[in-house]
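# when you get a sec, could you give me coordinates for this:
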Amino acid sequence: MTLQQNEGFEIPTWKQVYAMLLELAQKIRIDAFSPDIIVGVSRGGWAPARVLSDLLENPNMANVKAEFYLGVAETKKTPTITQSVSTDVVGKTVLVVDDVSDTGRSLRLVKSHLMKKGVNELRIATLYYKPWSVTTPDYYEKTTRHWIIFPWERKEAFRKVAEKFALNGKSAEEASNALTQYGFDSELADRFLREYSEG
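Residues are numbered from 1 along each chain as shown. Modelled structure (predicted):
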């Protein structure tokens with residue numbers, strides 16, 4: 001998948017993300033789905049899983065790690081589970097939380113992993129869903145074709161975008177300018193540009 005297929009960037013603020021999580025929690029409550037455990041897919045799912053834990057008043061959290069992305073719109077051939085689920089899920093009702101269902105292949109793998117571990121019922125919640133994903137979450141807030149840069153990954157995303165631009169013969173300054181046009185905070189962009197240039 002290329003950056004062009006992703007049609008630019010979407011850069012939600014913390015406030016926008018929190019509003020989306022409030023709506024997700026409401027959908028889950030209306031659905032009368034009450035998970036025994038909330039499983040965050042690391043790393044992108046950690047922050048939204050923690051907030052949903054608060055909003056759903058459910059302190060029972062666990063982690064599973066699936067690795068797929070290498071850079072901006074660049075993936076390995078197949079996703080892999082690099083950390084098994086961190087708690088016993090046999091017979092449990094589980095809510096899997098991630099930030100986005102992009103290709104959907106990591107979420108499909110996580111679901112398979114958890115079902116093999118003996119989960120009784122499993123549903124998936126994400127902030128964003130992309131129309132080409134092979135996994136449609138049970139709960140999601142927004143459909144997009146953009147490459148999303150979440151608040152918890154600003155610096156990493158800046159570096160990856162700068163590297164992507166460099167491969168195309170463009171400067172880090174051009175990468176910074178492109179990001180700020182999509183709403184990336186200009187002060188953060190200046191800071192990360194300095195750090196990237198010094199590194």
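# for the rest of this, base every contact and every neighbour count on C-alpha atoms.
OK.
# mind checking which helix or strand residue 178 is in?
Under the criterion DSSP states H and E, the helix or strand holding residue 178 is helix 172-181.
# what comes up buried for that helix?
Across helix 172-181, burial judged by 16 or more other Cα atoms under 10 Å covers 172-173, 175-176, 178-180.
# for stretch 181-198, same thing?
By neighbour count on 16+ other Cα under 10 Å, the buried set for stretch 181-198 is 184, 189, 192-193.
# circling back: could I have the helix holding residue 178 exported to CSV, CA atoms only?
Taking only C-alpha atoms (Å, rounded to 0.1, in the frame of the first residue of the first chain), the coordinates of helix 172-181 have been written out as CSV:
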residue,chain,number,x,y,z
ALA,A,172,13.1,17.0,5.7
GLU,A,173,11.9,20.6,5.5
GLU,A,174,9.6,19.6,2.6
ALA,A,175,8.3,16.7,4.8
SER,A,176,7.7,19.1,7.7
ASN,A,177,5.9,21.6,5.4
ALA,A,178,3.7,18.8,4.0
LEU,A,179,2.7,17.7,7.5
THR,A,180,1.9,21.1,8.8
GLN,A,181,-0.4,21.7,5.8
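# just the buried residues of helix 172-181 now: which is nearest residue 115?
Among the buried residues of helix 172-181, residue 179 lies closest to residue 115 (Cα to Cα), at 39.3 Å.
# if we can go back for a sec, and the buried residues of helix 172-181, which is closest to residue 154?
The nearest member of those to residue 154, counting by Cα to Cα, is residue 179 at 10.5 Å.
# can you pull the contacts of the closest one?
Each residue near residue 179 by Cα atoms under 8 Å, 6 or more residues apart in numbering is listed here: 9, 189.
# just the element for residue 156, please.
When secondary structure is defined by DSSP H and E, residue 156 falls within helix 154-167.
# pull out the buried residues from that helix.
Neighbour-count burial for helix 154-167 flags 154-155, 157-165 (criterion: 16+ other Cα under 10 Å).
# and stretch 33-41, by the same measure?
For stretch 33-41, using 16+ other Cα under 10 Å, the buried residues are 35-41.
# from those residues, which is closest to residue 102?
For the buried residues of stretch 33-41, with residue 102 as the reference and Cα to Cα as the criterion, the closest is residue 41, at 13.5 Å.
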